[in-house]
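[1] starting from these lines, generate the structure:
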Amino acid sequence: MKFKLLVVDDEKNIREGLAASLQMDGYELETAAAGDEGWKRFQKGDIDLVITDLRMPGISGEELLKRVSAETPGVPVIVLTGHGTVENAVTAMRNGAYDFLTKPVNLERLSLLVKRALQNRELALRHHRLEEELEHKKQFETIIGSSVPMRRVFDTISRAAPAKASVLITGESGVGKELVADAIHKLSPRKGKPLIKVHCAALAASLLESELFGHEKGAFTGAVSRMRGRFELANEGTLFLDEIGEIDQNIQIKLLRVLQEKRFQRVGGEDTIEVDVRIVAATNKNLKAEIEKGNFREDLYFRLNVVNIHVPPLRERKDDLPFLISAFLKEFSAENSKPVEGMDDKVRAAIYAYDWPGNVRELRNCIESAVVMAKGPVITEEDLPPTLRNQNDAGWIRIPLGTNLEEAEKIIIRDTLSSLKGNKSRTAEVLSIGRKTLHRKLAEWGDGAEEDGEE
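    Numbering: from 1, shown residues only. Modelled structure (predicted):
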């Protein structure tokens, strides 16, 4: 990395001499003949260190130091002056100077100071980047998955989070839409501000209006005092509107107005309240279909759907099942103080064969129930909820009596592979055999050329 330095001094010989000396050390140099000129150059960005004279006409070096420290605290500033006093040194250090040198400048001393200051800056930048990466990773820990569909979700969250644009999260019930909203807020510049959540389907229209916008005392029967609404509470933060497809037309109109104008009035109030709120909404409904039916306003839909994040159902990302199962086993084993370590092959096959209409929420409840019911360290069929235990033919393989072991092995492998839509990696995992072994057996049986569903 080649660092860029800015030298600010009203004496041409000193300015150009310092620049020439520091260029020999391998740095890029910019120069300015006055404090205001130096400040304008600094504001353009990409300056890693500033060297400034203390006494200059116009903006002084002391004022430049204050501005740089306030604008970009991590950029080191070295102050030079021909008026070297202890008082000046103390003042400069208090204002954020990295160090203080008197004229005539000892170039070797300056070179050493610059090198040390930039090393410290580079370490600080690396530390900051590491903290950001760890924080970024931490926000995704609650959303479990590494399948291709989920990697797309993570990528969209990462790109959308820093923006101000509204986000519409779509997906079936139980896929984890609220977790996505949490991640968007925590990865955004608003993470230190409130994240306020409203479940739109849980309230009647009259109550929802008051909940969103607040009300004045006496606005309606039971309004015994003024109440701030969720928009006010979420000011400078994020407002998550869950099940947005359930709100009626009157609330839709008022919500649209707030999104357009960023202001509203409390129920029964006359004062206009301005807010800065980012909207993240979620729905399990097809809002385009609701628009065609006349149930949802198209203009509101476009306001909400600036960025769309679709969370896929569990049946479309079964590659995530091992990670979800492991996480839930660990969670509920600890919660119930039971040393449940895993599940037998029949249970695993049943879980993979099931379509999970209730998605991750249903899987989580299933694992919790199985852990509670388990008699030992391994979950068996009898520990499963009836929904999985009593599947008709799904998840089960029928082998006629009298079938020899070789034929039985063929039936088990072929039926499992078929039920998993040709995914050989998942089949090998479910049957607890090596992937190479599976490929070899399929090749021996003339099945090796069939399409591999994992691609």
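[2] going forward, measure contacts and count neighbours with C-alpha atoms only.
    Will do.
[3] looking only at pLDDT, what's the mean for stretch 265-283?
    In this model, stretch 265-283 has a mean pLDDT of 93.
[4] number the residues from 30 up from this point.
    All set: I'll call the first residue 30, so the last point we hit is now stretch 294-312.
[5] gap between the two ends of it?
    26 Å (CA to CA, to the nearest Å).
[6] distance of the residue nearest the centre of the chain relative to Thr312?
    The centroid of the chain falls nearest to Ala212 when counting by CA atoms, centre = their mean (3.9 Å). Separation of Ala212 from Thr312 (CA to CA) stands at 17 Å.
[7] okay, now the domains of the chain?
    According to automatic domain parsing, the chain comprises the domains 33-157, 177-341, 345-418, 426-484.
[8] can you redo those domains as CSV with distance to Thr171?
    Shown next, in CSV, are the domains of the chain (distance: least, CA to CA, whole Å):
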stretch, distance to Thr171
domain 33-157, 23
domain 177-341, 7
domain 345-418, 10
domain 426-484, 24
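[9] run a quick neighbour tally on the nearest residue to Glu458 once chain neighbours are set aside.
    In this structure, Glu458 finds its nearest non-sequential neighbour in Arg464, 8.0 Å apart by CA to CA, 6 or more residues apart in numbering. When neighbours are defined as other CA atoms under 10 Å, Arg464 has 15 of them.
[10] and for Gly46?
    Counted with other CA under 10 Å, the neighbours of Gly46 add up to 12.
[11] now swap in the one 10 residues further on and tell me
    The number of residues packed around Tyr56, counting by other CA under 10 Å, is 16.
[12] sorry, back to before: any idea how far Pro351 is from the residue nearest to Glu458?
    16 Å.
[13] wait, the residue nearest to the centre of the chain touches Asp184, no?
    No - between Ala212 and Asp184 there is no contact under CA atoms under 8 Å: 11.7 Å.
[14] element containing the residue nearest to the centre of the chain, please.
    For Ala212, the host element (DSSP states H and E) is helix 206-215.
[15] which is the next helix or strand following that helix?
    strand 224-228.
[16] the residue of the chain most remote from its centre and Lys470, how far apart?
    Most distant from the centre of the chain: Gly431, at 56.1 Å, with distances by CA atoms, centre = their mean. Distance, Gly431 to Lys470, by CA to CA: 22 Å.
[17] what's the local residue count around the closest residue to Thr199 other than its chain neighbours?
    In space, and not counting its chain neighbours, Thr199 is closest to His339: 4.7 Å by CA to CA, 6+ apart. When neighbours are defined as other CA under 10 Å, His339 has 20 of them.
[18] hmm, who's touching the helix or strand bottoming out on mean pLDDT in the chain?
    Of all helical and strand segments in the chain, the minimum by mean pLDDT, DSSP states H and E falls on helix 115-123, at a mean of 70. With CA atoms under 8 Å, 6 or more residues apart in numbering as the test, helix 115-123 has contacts from 91, 94, 108, 128-129.
[19] ok now that helix, how far from the chain's centre?
    With CA atoms, centre = their mean, to the nearest Å as the basis, helix 115-123 stands 43 Å off its chain's centre.
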